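> Predicted model follows, preceded by the sequence.
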Amino acid sequence: MTATTTEPVPVAEAVPTRKSTGRAPGTEGTVMGRTIRYASLLGFLILILIPLYVLVVTSFKTSGEVNARQAWSLPSVWSVGGWKAAWATLAPPLWRSVVLAVSVAALSAMLGSLNGFVFAKWQFKGATLVFTLFLFGMFIPYQAILIPLQGLLIQVQQTPGMSWFDGIWKLIVVHLIYGIPICALIFRNYYATAVPNEILEAAKVDGAGTARTFWSIALPISVPAFVVTMIWQFTSAWNDFLFALFLTNRNNGPVTYALNELAGGQNPDYPSIMAGVLLASLPTLLVYIILGKYFVGGLMSGSVK
Amino acid sequence: MRKSRDKLVGFLFVLPSIILIGVFVYWFIFQNVSTSFDRVVTRATKRELHPGGVANYSQLLGSDDYQHALFNLLVLTVVFVAGTMFFGLLWAILLEKGVTAEGVFRSIYLLPMAISFIAAGVVWRWLLAPGKGDQASGLNQLLAMMGLERFQSSWWQSPNSFSMAAMAIPAIWQLSGYVMALFLAGFRGISDDQREAARIDGASEWKIYRHVLFPQLSPIALSALIIVGHMSMKMFDLIYAIAGQNSYKASVPSTMMWTQLFQQGDATAAAVNATILLVLVALIVIPYLYYTNKTEKEVRG
Amino acid sequence: MRSRTVASAAIAGLVAVALAACGGTTESGGAGDANAPTTALQTKAGGAGGDVGVFTWWAAGSEKQGLDALVKLFREKYPNNKFVNLAVAGGAGSNAKAKLASDLQNNQPPDSFQGHAGAELLDYIDKGQIEPVNDVINALGGDKVFPKDLLDRLTVDGNIYSVPSNIHRANVVWANVEVLKKAGINEVPKDLKAWMADMDKVKASGVDTPLSVAGTWTQVQLFENVLIADLGADGYSGLFDGKTAWDSDGVKTAVADYKKLLGYANTASDGDDWPVATDLVINGKAAYNVMGDWAVAQFNDKGKKQDQDWTWFPTPGTDGVFDFLADSFTLPKGAKNPGGAKDWLMLVGSAEGQKAFNLAKGSIPARTDIPASDFPPYQQAAMKSFKDDTIVSSIAHGAAVSLAWNADISTAISKFYVSKDEAQLVTDLVAAAKKNQA
């Protein structure tokens, strides 16, 4: 499949075989150079982990033990009280966030592959202009559109028979819409290199319409772009706070909303807040740890022209 | 004939997205811009809050508070972009040749990006606590424990006018990994043959980077620059979570918009602010989109 | 508790409230005299029915406990209604106000929302977003049960737009007994000067930061305390009706005093909420904190005892003045369930509701007919002082100034915290007044 690729940057190939250099890792350069490299890699690793250390350590302390003097030390008694309290508050919204992020990821990717393919290989008159207008939509400051947005969604909700359209449903729609540009971009760039024009031409000679070409040739090799898009949309839907604040409430909102509530109380209980931060971040952290290699490989097709 | 009908099908596939973007982006922007030109007079006392028209813009642009916010934004953006580019590229260079446990390093470098600004803000508010000496907590306390008291800082609340640079620290923490991933993907996209060829020609490692690898990465660098730069201009959650909503020290247009809209109930000022921000973003993004379109055509042509 | 719902099956909602109130809470004191005023208010026994969405920023701590106490009573009194909690947490109420502003702008109001009584409600009144609730206030007993001073502050053009639920005092200094003892301080300072002299003693005893502050709004509150001390109650109140100029000598003195006070304070972070500052007193890292009397809950939470661990006094220079703020509930225009909303307002204003709520929240009732003996010592003192003292309105908590004015003052104070530029602060305050004064 990849053998037919003639482009100078074989993205689809680069993804599954990440270490295509053939060298054993870590054998490059002098001993001195290697030492410096590993030392600096480790140093940066520690720097990056500092905030995470604070989170983990604090989450296992008792509320009594949290004060500045012992903030950096390990808990004298490891307590799961904070975690229990955080779980009690966050479990329902966590579940709602899962529904939100998974649906947004799946729907966005499907829509994105369609749009991306049209923009890459199936251009109608004015497609470039439309695409550019799409891209500009990625960059707007969302506060500017919050009030009309909320108004419109409420109108929809108040149409007879639409009263179920609230909370997570609204967020799914909003993330789907504001995700259109980035998803179209990722897929467009992916298809631009992964599906050579020759294949399209050949398909056309065979009498296949472009729609069928998309379905039977482009889609089957789109896995990397799907993964990248889904990671991206999953993360942005999961992590969003601004839309959640405006379109949902404590009874139907996602986990960022609930986390803010947990952290913003007037009498902060740091162990449960920090445990809550970790709980609310675990799913996206897992996605990055497990699928991170796709992310790196796939970015090539996404944000790079 | 058949070809044009085929094209029409393609257009119909995209049509729903066009309508959605049309309404949710451009119609709303239009509403916002038209609000920004409103003349506003208070109901009770008939004082003129906004003269209306373009004067609304000179009113906001002329205010000290807005200029302060714009300056903060400039400082934040420069440091944030430079920081992420520096660390992103450095880490990518350290990793690109393949090291033992590369996956571990890469995953952890990328990890902060998986955490929401609102969650990260909770930790960073504490880490960047301004107290020094006896009152030190967070990073200042860590510095003291390491015997580095003289590096203690009030961070984003330092009395100098460049204090906003400290607000870029958590942002750099979150997004350097992303830039690293971009560059790493770029390095991986360059075939080994090119390096080998240069090596055979007797080029030093530095020269290989300088003349063979970096030039091929410049489109990536540009993308990274635009992505990180526009994130900086819109940054809201993080500043809001760390500094609260009324912090003068940490005010940037996007947090100021929040205050205008919801605390001062001044939708017009907020709309003016949003439009200015939009124009600023457009000034950067439109040339970029133009440039990429053009280079793409050249490549294809 | 549940069996008492039977008692609420009375002829009218009002009577139901009164009866249930007499039915007794677990307290022995027996709250709530059954006032039976004549009224035009039409209510239905057991409630109007349907969902009643109530919007507050009481989502955690003692505030949540207070709200929970009210909700429990509401369920008992009005079993027909379903209470929907629309509380929005975070940002000391600012998240909530933002959400509320956009909900109102989109004609999607809750059935009732919390607002600081006083000037803060002017914005909503000016935009025509809330309805008068004169009938509810009258049904509750009007000025027979609410202080006239308070009702005057709630009245705009002859109409009352909210039902007050509780009163807080904002000019209180909370102090760590042990720290004071160590510094050899055993008298309450009479004025700001004496207080700062005491702070020097505290400093000499080894506590670097005698005074504690937190984020911006706590600084605004400290500043307003200094304004009251230096201008006096009348001069202070004149700031809001134009009788006192914001660049008068009194204000300039206050700005200078405020700057000196900040010199004794810890380095605060703009985003910190008040418990951070109160905790410094609790931990003995600071001697004093100027805070509203919701701080009592924080001391209780940490297991600290009044007089033994902590003590309080009115901010020096403001003795005899009660710097007041009140929470209240409104009836938004276009509420989906106005009948249910009025049931809620009747409960909030009832003697029983106020007692249950304020015991849990740590504030004092807005009503004057609730026996002080049912409350802990600090609240008893506050109730007495509310009756006897001159009442002034708080800036930081929306009693004295509109939301927009408050936001401008906050920005000025936040700016000053770093710059310490006195002239600039006065200029900013004058500009804020000019922009916002009605």
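Great, that's in hand. Residues are numbered from 1 along each chain as shown, chains lettered A, B, ... in the order given.
> where's residue 281, which helix or strand?
This is for chain A. Using DSSP states H and E, the element containing residue A:281 is helix A:270-302.
> if you could check chain B rather than the one you did, that'd help
For residue B:281, the host element (DSSP H and E) is helix B:267-300.
> cool, residue C:329 as well?
Assigning secondary structure by DSSP H and E places residue C:329 in strand C:321-332.
> ok, residue 52 - contacts?
This is for chain A. residue B:111 (Cβ atoms under 8 Å, 6 or more residues apart in numbering or on different chains). (Each C-beta comes from the backbone N, C-alpha and C, glycine too.)
> look at chain C instead
Per Cβ under 8 Å, 6+ apart, neighbours of residue C:52: C:74, C:81-84, C:111-112, C:337, C:340-341, C:343-344.
> Let me see the ranges of the helices in chain A.
Along chain A, the stretches classed as helices by DSSP state H are A:11-14, A:31-59, A:81-121, A:127-136, A:143-158, A:168-194, A:197-205, A:210-213, A:223-239, A:242-247, A:255-264, A:270-302.
> Extract the CA atoms of stretch B:178-198 and return them as CSV.
Extracted as CSV, the C-alpha positions of stretch B:178-198 are listed here (Å, rounded to 0.1, in the frame of the first residue of the first chain):
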residue,chain,number,x,y,z
TYR,B,178,3.7,19.9,21.6
VAL,B,179,6.3,21.9,19.7
MET,B,180,8.8,19.2,20.4
ALA,B,181,6.4,16.7,18.8
LEU,B,182,6.1,18.9,15.8
PHE,B,183,9.8,19.2,15.3
LEU,B,184,10.4,15.5,16.1
ALA,B,185,7.9,14.6,13.4
GLY,B,186,9.8,17.0,11.1
PHE,B,187,13.2,15.3,11.8
ARG,B,188,11.7,11.9,11.3
GLY,B,189,10.3,13.0,7.9
ILE,B,190,13.8,13.8,6.6
SER,B,191,15.4,10.7,5.1
ASP,B,192,18.7,9.4,6.5
ASP,B,193,20.2,9.4,3.1
GLN,B,194,20.5,13.2,3.2
ARG,B,195,22.5,13.1,6.4
GLU,B,196,24.6,10.3,5.1
ALA,B,197,25.3,12.1,2.0
ALA,B,198,26.4,15.2,3.9
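> Tell me the confidence at residue 158?
If you meant another chain, say so; for now it's chain A. pLDDT for residue A:158: 85.
> hmm, I had chain C in mind actually
89.
> how close does it sit to chain B?
The gap separating residue C:158 from chain B is 15 Å, by Cβ to the nearest Cβ, to the nearest Å.
> same deal with residue C:179?
Residue C:179 is 14 Å from chain B, by Cβ to the nearest Cβ.
> go on, residue A:48?
Residue A:48 is 6 Å from chain B, by Cβ to the nearest Cβ.
> quick check: mean pLDDT across the helix holding residue B:281?
82.
> so, in contact with chain A or not, it?
Yes - for a cut-off given as Cβ under 8 Å from any Cβ of the partner chain, helix B:267-300 has contacts with chain A, namely B:267, B:270-271, B:274-275, B:277-278, B:281-282, B:285-286, B:289, B:292-293, B:295-296.
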